[in-house]
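3D model of this:
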Amino acid sequence: MKNNFIKSTIILIFGGFITKILGMIIKIALTRAISTEGIGVYSLVLPTFNLFITLCSLGLPIAISKLISEGEHNNKKMILSIIPIMLAFNFILMIILFAISPLLSTYLLKNNDTYYPLMAIGLTLPFICVSSILKGYFFGKEKMFPATLSNIVEQLVRLALTVTIIPNLMHYSLSIAICGVVLINIISEFSSIIVLIVFLPKNSYISPNDFKYDIPLLKDLLNISIPTTGSRLLGSLTYFLEPIILTFVLVSVGYSNKFITVEYGIINGYVYPLLLLPSFFTLAISNALLPVISNSYNKKNYNYSKYKIKQAIVLSLIIGVPATLLFMTIPEYFLNLIYNTNEGVTYIKMIAPVFILYYIQGPLTASMQAMNMAKQAMIGTFIGAIIRITLLFFLSFLKIGLWSLIISSLANIIFITIQHAYYVVKALNKKIIYKQI
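Numbering: from 1, shown residues only. So this is what the prediction gives:
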């Protein structure tokens, strides 16, 4: 188990590094193709995209990874029986998104350029869902190479299409170009699915019965996935409401739509992506940690679980702390290097210190999911979301521009990280003491 964790972490870190570098190149190409205004419009669409990505998979990848790592279910039936159900569910999501897009673009986001990109999101959902389910299978088997390779191929395809297609679409309109940015995900996710299928076991016989849903198995999956989805949904819903609340309140106190769009684009297009660069490291650790903790915790090996969680947090801080110091001292260098801009320097200096907590949030969340505390994680996320939205709404009336968004986001990070850490420490210490008695 120890060797698997180290091997899995190394593979995911290496793959995550390559994926993140490719993501940076994609971001550079995209920024230069659609300009700051285009990034602003895309940032308005992105919260809706993230919300529906959360809905389209319903947290099943994590549930599948956990159950497979415990080794008590038929893995083939688990995957094959859930895919038809999820495809039908995603078709319903597509219809809902098509129906609400006019309302979102015209009355809530107040930007007509977002209409077609919002519609385009629906077409990508089935591909994202299937890809994430297959990745959950490989994470549960602690076979990280297929998922890592699929992510790299996905990014390479996205980069090639971004460079070749998006500049040409800009000749038509900004809306069509951003629509193209969204639709590229169909081809990139499909390429990811092909890679994952290649690595699936070849000696298994598949019968029509494998595709029939198994109610006890479905209940086991949903018992894990629903609280997990609840946590992610709350985060995505908060992110979804951000531009709506900001636009409504800031316009009412005298700010222009253009100012809001540009500043929001700077924060979500430059500032947060830069600060999230080290997150590939913590994401790799979290993905490798979940099956390990799930397996050891299920076998009542609590001391080992505690040791691996501590190890994961230390590893996260090893990369998080130096990155934070660099972002605080020379943010201009990184902004110029990656995005060819100086916009967002002040925001970064304010946010960077708190992001140390964000870097350890991933391992803590994965640990809670592995230790059957997804409901507690969801409660923490729910309270954090209320704090974030409430602060965002009231602070926006103070005429401090987009600083209301910054302050509310930081409060959310601080609360959720502390709450997760409290429950993980409390649960492990309680189990260890009980076992000793």
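
which stretches of the stretch 251-400 of the chain form helices?
Using DSSP state H, counting those that start in this stretch, the helices of the stretch 251-400 of the chain run over residues 257-266, 272-275, 279-298, 302-329, 331-339, 345-351, 355-370, 374-396.

what does stretch 161-177 rub up against?
26, 29-30, 33-34, 37-38, 41, 112-117, 179-181, 184, 187-188 (C-beta atoms under 8 Å, 6 or more residues apart in numbering). All C-beta spots, glycine's among them, are computed from the backbone N, C-alpha and C.

make it 6 Å
26, 29-30, 33-34, 38, 113, 116, 180, 184 (C-beta atoms under 6 Å, 6 or more residues apart in numbering).

end-to-end on it?
12 Å (C-alpha to C-alpha, to the nearest Å).

I'd like to know the average pLDDT value across it.
The average of the pLDDT scores along stretch 161-177 is 92.

again, but for stretch 343-358
90.

re earlier: averaging pLDDT over each of the helices of the stretch 251-400 of the chain, which comes out lowest?
Taking the mean pLDDT of those, helix 279-298 comes last: a mean of 82.

could you give the angle of that one to helix 302-329?
170 degrees (axes from the mean of the first three to the mean of the last three C-alpha atoms, to 10 degrees).

With just CA atoms, put helix 279-298 into PDB.
Only the C-alpha atoms of helix 279-298 are listed here, as PDB (Å, rounded to 0.1, in the frame of the first residue of the first chain):
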ATOM      1  CA  SER A 279      -2.900  23.000  -7.000                       C
ATOM      2  CA  PHE A 280      -1.900  20.300  -9.500                       C
ATOM      3  CA  PHE A 281       0.500  19.000  -6.800                       C
ATOM      4  CA  THR A 282      -2.200  18.900  -4.100                       C
ATOM      5  CA  LEU A 283      -4.800  17.400  -6.500                       C
ATOM      6  CA  ALA A 284      -2.300  14.600  -7.300                       C
ATOM      7  CA  ILE A 285      -1.800  13.900  -3.600                       C
ATOM      8  CA  SER A 286      -5.600  14.000  -3.000                       C
ATOM      9  CA  ASN A 287      -6.400  11.600  -5.800                       C
ATOM     10  CA  ALA A 288      -3.700   9.200  -4.600                       C
ATOM     11  CA  LEU A 289      -4.700   9.600  -1.000                       C
ATOM     12  CA  LEU A 290      -8.400   8.700  -1.300                       C
ATOM     13  CA  PRO A 291      -8.100   5.000  -2.200                       C
ATOM     14  CA  VAL A 292      -5.300   4.500   0.300                       C
ATOM     15  CA  ILE A 293      -7.200   6.100   3.200                       C
ATOM     16  CA  SER A 294     -10.400   4.400   2.200                       C
ATOM     17  CA  ASN A 295      -8.700   1.000   2.200                       C
ATOM     18  CA  SER A 296      -6.800   1.400   5.500                       C
ATOM     19  CA  TYR A 297      -9.700   3.100   7.300                       C
ATOM     20  CA  ASN A 298     -12.100   0.300   6.200                       C
END
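
Can you name the element that comes right after the longest helix along the chain?
In the chain, assigned by DSSP state H, the helix with the most residues is helix 2-57. Once helix 2-57 ends, the next helix or strand along the chain (criterion: DSSP states H and E) is helix 60-70.

for that next one, packing partners?
For helix 60-70, the packing partners by 3 or more C-beta pairs under 6 Å, 6 or more residues apart in numbering; DSSP states H and E come out as helix 115-140, helix 215-252, helix 279-298.

rerun at 10 Å
helix 75-103, helix 115-140, helix 215-252, helix 279-298, helix 355-370, helix 374-396 (3 or more C-beta pairs under 10 Å, 6 or more residues apart in numbering; DSSP states H and E).

and these as TSV, adding distance to residue 159 and mean neighbour count?
Formatted as TSV, the helices and strands packed on helix 60-70 follow (distance: least, C-beta to C-beta, whole Å; neighbours: other C-beta atoms under 10 Å):
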stretch	distance to residue 159	mean neighbour count
helix 75-103	26	16
helix 115-140	17	23
helix 215-252	25	19
helix 279-298	16	24
helix 355-370	25	25
helix 374-396	32	19
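
Adding distance to residue 13, write the ones you listed out as JSON lines.
Shown next, in JSON lines, are these (distance: least, C-beta to C-beta, whole Å):
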{"stretch": "helix 75-103", "distance to residue 13": "26"}
{"stretch": "helix 115-140", "distance to residue 13": "15"}
{"stretch": "helix 215-252", "distance to residue 13": "23"}
{"stretch": "helix 279-298", "distance to residue 13": "4"}
{"stretch": "helix 355-370", "distance to residue 13": "13"}
{"stretch": "helix 374-396", "distance to residue 13": "24"}
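
of those helices, which approaches residue 413 most closely?
Closest to residue 413 of those, according to C-beta to C-beta: helix 355-370, at 5.0 Å.

angle of the closest one against helix 60-70?
Going by the same axes, to 10 degrees, helix 355-370 makes 60 degrees with helix 60-70.

got the CA positions of helix 355-370 in CSV?
Only the C-alpha atoms of helix 355-370 are listed here, as CSV (Å, rounded to 0.1, in the frame of the first residue of the first chain):
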residue,chain,number,x,y,z
PHE,A,355,-4.0,30.2,-0.3
ILE,A,356,-1.6,28.2,1.9
LEU,A,357,-4.8,27.0,3.6
TYR,A,358,-6.3,26.2,0.2
TYR,A,359,-3.4,24.0,-0.8
ILE,A,360,-4.1,21.6,2.2
GLN,A,361,-7.8,21.7,1.7
GLY,A,362,-7.7,19.0,-1.0
PRO,A,363,-6.1,16.3,1.1
LEU,A,364,-8.4,17.1,4.0
THR,A,365,-11.5,16.8,1.7
ALA,A,366,-10.3,13.5,0.2
SER,A,367,-9.6,12.2,3.7
MET,A,368,-13.2,13.1,4.8
GLN,A,369,-14.6,11.3,1.8
ALA,A,370,-12.5,8.2,2.4
